[in-house]
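1. Mind folding the following:
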Amino acid sequence: MENLNNIISLAELPVQKSGKVINILCGGNKRRRFLDLGITQNTIIKNERVSPSGNPIAYNIRGTIIALRTSEAEKILINIL
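-> Now for the predicted structure:
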């Protein structure tokens, strides 16, 4: 069982830290897009860098750097590693 104290949204993940995907809190086309990008349960995601304005944020997902808006990253729950 996951430690509930370590579960946050992907948008809250500090720079250069990693987390494991626990759940995606949306459906429809947005959920399909996340799945197509390789964001599935148990995927390890690392916050690589934040843009100067704070939005978007670059994440390393399965060896690929993908930028997500904060509003999108808030829909992904992770467990901090």
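
2. For the longest helix along the chain, buried residues please.
-> Using DSSP state H to define each element, the chain has its longest helix at helix 28-36. For helix 28-36, the neighbour count (16 or more other C-beta atoms under 10 Å) marks F34 as buried. C-beta: built from backbone N, CA, C; applies to glycine.

3. which helices and strands sit right next to whatever helix or strand comes next after it?
-> The C-terminal neighbour of helix 28-36 among helices and strands, as given by DSSP states H and E, is strand 44-50. If contacts are counted by 3 or more C-beta pairs under 8 Å, 6 or more residues apart in numbering; DSSP states H and E, strand 44-50 sits against strand 18-24, strand 57-61.

4. ok, now with 10 Å
-> With contacts taken as 3 or more C-beta pairs under 10 Å, 6 or more residues apart in numbering; DSSP states H and E, strand 44-50 sits against strand 18-24, strand 57-61, strand 64-68, helix 70-73, strand 76-80.

5. between the ones you listed, which one is nearest to G38?
-> Using C-beta to C-beta as the measure, strand 57-61 is the one of the helices and strands packed on strand 44-50 that comes nearest G38, at 5.3 Å.

6. Give the pairing partners of the closest one; include direction for each.
-> Paired neighbours of strand 57-61 in the sheet (DSSP bridges): strand 44-50 (antiparallel), strand 64-68 (antiparallel).

7. The ones you listed into CSV, with extra columns for mean neighbour count, mean pLDDT and distance to L35?
-> Converted to CSV, the strands paired with strand 57-61 look like this (neighbours: other C-beta atoms under 10 Å; pLDDT from 0 to 100; distance: least, C-beta to C-beta, whole Å):
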stretch, mean neighbour count, mean pLDDT, distance to L35
strand 44-50, 17, 97, 14
strand 64-68, 14, 96, 13
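
8. Okay then, goodbye and thanks.
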